[in-house]
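**Student:** Sequence and computational prediction follow.
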Amino acid sequence: MAALRALATPEMASYFAAEIEETAKKGQVNKISDVTFLQGDLAEAWREPQSDYASVAVRFSLIDTMVDRATGKIVSGDPVTPQVATEIWTFARRPDGAAADWKLSAIQHT
């Protein structure tokens, strides 16, 4: 979680923490592997008084499975065939911030 908090806004970090906690309550863990970046295009960029924003359409492939924590048995997902996904990732930073100041602020699944 510390790494996620360094890369995401507090709101996004809270969302990730809640998702991880909910999965853990079910006795499961989300296993993601073989992530391959396929394409990324700037979809939109804008400035507001408190923040600069940039939204990027990201296309990638990955193997995404849900695994029972106790048995290691796959509950859902295909452990062999990668799936392709496209999402819109929005990043934010303070106005005129440095390149390293961008934080993930939203993810939209398409």
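**Tutor:** Okay, I see it.

**Student:** so after the lengthiest helix in the chain, what's the next helix or strand?
**Tutor:** As assigned by DSSP state H, the longest helix anywhere in the chain is helix 10-25. Remark: after helix 10-25, the chain's next helix or strand is strand 28-47, criterion DSSP states H and E.

**Student:** Name the surrounding residues that touch the longest helix of the chain.
**Tutor:** Helix 10-25 has contacts (C-beta atoms under 8 Å, 6 or more residues apart in numbering) with 1, 4-5, 8, 29-30, 66, 69, 103-107. Any C-beta I mention is one placed from the backbone N, CA and C, and that applies to glycine too.

**Student:** if we go to 6 Å?
**Tutor:** M1, L4, R5, N30, L104 (C-beta atoms under 6 Å, 6 or more residues apart in numbering).

**Student:** just stretch 52-70 next, same as before
**Tutor:** Under C-beta under 6 Å, 6+ apart, the answer for stretch 52-70 is 27-46, 74-77, 79, 82, 84, 86-93, 95.

**Student:** From V29, how far off is whatever residue is furthest in space from the centre of the chain?
**Tutor:** Residue farthest from the centre of the chain, counting by C-alpha atoms, centre = their mean, is T71 at 26.5 Å. Shown here: T71 relative to V29, a distance of 11 Å by C-beta to C-beta, to the nearest Å.
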